[in-house]
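> Take a look and give me a structure for this.
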Amino acid sequence: MSRTNIAMTSASQNAGTVITESIMAAGSTGTDGYTLTGATRDSDSVIVIKNEGSATGVFSIKEGDYCNDSQGDLTVTVGVNVAKAIKLDGARFRQSDGTYDVDAGTTGAICAIN
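Here you go, the predicted structure:
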(Lines give C-alpha, C1' and ligand atoms only; values in the text may rest on other atoms or scores of the structure.)
Protein backbone atom coordinates (compact mmCIF):
# COMPACT_ATOMS: atom_id res chain seq x y z
CA MET A 1 0.00 0.00 0.00
CA SER A 2 1.40 3.39 -0.95
CA ARG A 3 -0.01 6.19 1.18
CA THR A 4 0.12 9.88 0.25
CA ASN A 5 2.27 11.84 2.72
CA ILE A 6 0.57 14.94 4.11
CA ALA A 7 2.58 17.42 6.21
CA MET A 8 0.79 18.80 9.28
CA THR A 9 0.16 22.54 9.50
CA SER A 10 1.40 24.05 12.76
CA ALA A 11 -1.01 26.15 14.78
CA SER A 12 0.00 28.64 17.43
CA GLN A 13 -1.28 28.05 20.94
CA ASN A 14 -4.61 29.84 21.53
CA ALA A 15 -4.76 31.10 17.95
CA GLY A 16 -6.80 30.18 14.91
CA THR A 17 -5.63 28.55 11.70
CA VAL A 18 -7.47 29.41 8.50
CA ILE A 19 -8.27 26.32 6.47
CA THR A 20 -8.13 27.16 2.78
CA GLU A 21 -8.27 24.98 -0.30
CA SER A 22 -4.52 25.50 -0.71
CA ILE A 23 -3.74 23.63 2.53
CA MET A 24 -6.21 20.85 1.78
CA ALA A 25 -4.22 18.22 -0.12
CA ALA A 26 -5.71 16.43 -3.08
CA GLY A 27 -6.54 12.94 -1.97
CA SER A 28 -6.01 9.42 -3.09
CA THR A 29 -8.68 6.80 -3.60
CA GLY A 30 -9.49 3.38 -2.30
CA THR A 31 -7.37 2.00 0.52
CA ASP A 32 -4.16 3.87 -0.34
CA GLY A 33 -4.98 6.61 2.16
CA TYR A 34 -2.64 9.08 3.83
CA THR A 35 0.25 9.30 6.26
CA LEU A 36 0.13 12.52 8.27
CA THR A 37 3.65 13.67 9.10
CA GLY A 38 5.25 16.43 11.14
CA ALA A 39 3.56 16.12 14.53
CA THR A 40 5.59 18.51 16.67
CA ARG A 41 3.97 18.13 20.09
CA ASP A 42 2.94 15.26 22.32
CA SER A 43 -0.60 16.53 22.21
CA ASP A 44 -3.68 15.87 20.17
CA SER A 45 -3.96 16.89 16.53
CA VAL A 46 -6.94 17.80 14.37
CA ILE A 47 -7.60 16.57 10.86
CA VAL A 48 -10.13 17.91 8.39
CA ILE A 49 -11.41 15.39 5.85
CA LYS A 50 -13.51 16.38 2.85
CA ASN A 51 -15.31 13.79 0.74
CA GLU A 52 -14.96 14.76 -2.93
CA GLY A 53 -16.42 11.51 -4.23
CA SER A 54 -19.85 10.91 -5.72
CA ALA A 55 -21.13 8.85 -2.77
CA THR A 56 -20.84 8.78 1.00
CA GLY A 57 -17.29 7.81 1.95
CA VAL A 58 -15.70 6.03 4.88
CA PHE A 59 -12.33 7.07 6.29
CA SER A 60 -10.49 5.04 8.93
CA ILE A 61 -7.98 6.54 11.31
CA LYS A 62 -5.68 3.64 12.17
CA GLU A 63 -4.79 2.71 15.73
CA GLY A 64 -1.35 3.77 16.90
CA ASP A 65 1.47 2.28 18.93
CA TYR A 66 0.76 3.78 22.35
CA CYS A 67 -1.26 3.04 25.50
CA ASN A 68 -4.76 3.68 24.14
CA ASP A 69 -4.27 1.82 20.85
CA SER A 70 -6.28 -1.13 22.16
CA GLN A 71 -9.42 0.87 21.33
CA GLY A 72 -8.74 0.14 17.66
CA ASP A 73 -9.34 2.17 14.53
CA LEU A 74 -11.84 5.02 14.29
CA THR A 75 -14.20 4.85 11.30
CA VAL A 76 -15.68 8.16 10.14
CA THR A 77 -18.47 8.40 7.56
CA VAL A 78 -18.42 11.58 5.48
CA GLY A 79 -21.23 12.63 3.12
CA VAL A 80 -20.72 13.89 -0.44
CA ASN A 81 -19.04 17.33 -0.50
CA VAL A 82 -19.01 17.40 3.30
CA ALA A 83 -15.96 18.18 5.43
CA LYS A 84 -15.52 16.89 8.98
CA ALA A 85 -12.99 17.93 11.62
CA ILE A 86 -11.77 15.14 13.89
CA LYS A 87 -9.67 15.63 17.02
CA LEU A 88 -7.12 12.83 17.17
CA ASP A 89 -6.04 11.47 20.55
CA GLY A 90 -2.28 11.05 20.17
CA ALA A 91 -2.25 8.25 22.74
CA ARG A 92 -4.68 6.27 20.58
CA PHE A 93 -3.69 7.07 16.99
CA ARG A 94 -0.06 8.29 16.84
CA GLN A 95 2.42 5.79 15.42
CA SER A 96 5.83 5.30 17.08
CA ASP A 97 7.46 7.51 14.41
CA GLY A 98 5.05 10.40 15.19
CA THR A 99 2.84 9.92 12.14
CA TYR A 100 -0.87 9.16 11.81
CA ASP A 101 -2.30 6.76 9.20
CA VAL A 102 -5.68 7.30 7.53
CA ASP A 103 -7.33 4.89 5.07
CA ALA A 104 -9.60 6.49 2.49
CA GLY A 105 -12.60 4.75 0.96
CA THR A 106 -13.29 7.53 -1.52
CA THR A 107 -11.64 10.48 -3.23
CA GLY A 108 -11.12 13.30 -0.81
CA ALA A 109 -9.00 16.10 0.52
CA ILE A 110 -7.34 16.23 3.91
CA CYS A 111 -5.32 18.52 6.11
CA ALA A 112 -3.85 18.00 9.54
CA ILE A 113 -3.24 20.64 12.19
CA ASN A 114 -0.87 20.19 15.09
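
> shaky segments in this structure?
By pLDDT under 70, the low-scoring segments of the chain are 1, 12-23, 25-31, 40-43, 69.

> rerun at 50
Filtered on pLDDT under 50, the chain yields no residues whatsoever.

> Please, where are all the helices along it?
Per DSSP state H, the chain carries helices over the ranges 90-93.

> any idea which residue sits dead centre in the protein?
By Cα atoms, centre = their mean, the chain has its centre lying nearest to Ile47, at 4.5 Å.

> So what sits opposite it in the bridge?
Ile86, Ala112 (DSSP bridges).

> Report the contact partners of it.
Leu36, Ile61, Ala85, Ile86, Leu88, Tyr100, Val102, Ile110, Cys111, Ala112, Ile113 (Cβ atoms under 8 Å, 6 or more residues apart in numbering). Using the backbone N, CA and C atoms, a C-beta is placed for each residue, glycine as well.

> Now, of the residues you listed, which are buried?
Among the contacts of Ile47, those buried by neighbour count (16 or more other Cβ atoms under 10 Å) are Leu36, Ile61, Ile86, Leu88, Tyr100, Val102, Ile110, Cys111, Ala112, Ile113.

> Which of those residues sits closest to Ser10?
Ile113 (7.8 Å; Cβ to Cβ).

> what about the nearest residue to the closest one once chain neighbours are set aside, neighbour count?
Distance criterion Cβ to Cβ, 6 or more residues apart in numbering; nearest residue to Ile113, sequence neighbours excluded, is Val46 at 4.7 Å. Val46 has 17 neighbouring residues, counting by other Cβ atoms under 10 Å.

> I'd guessed Val46 sits against Gly90; true?
No - contact between Val46 and Gly90 fails when scored by Cβ atoms under 8 Å: they sit 11.3 Å apart.

> Could I get the full set of strands for the chain?
Assigned by DSSP state E, the strands in the chain fall at 4-7, 25-26, 34-37, 45-51, 57-61, 74-78, 83-88, 100-104, 108-113.

> can you list those strands in TSV and add distance to Arg94?
As requested, the strands of the chain are exported to TSV (distance: least, Cβ to Cβ, whole Å):
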stretch	distance to Arg94
strand 4-7	15
strand 25-26	19
strand 34-37	9
strand 45-51	8
strand 57-61	11
strand 74-78	13
strand 83-88	8
strand 100-104	6
strand 108-113	12
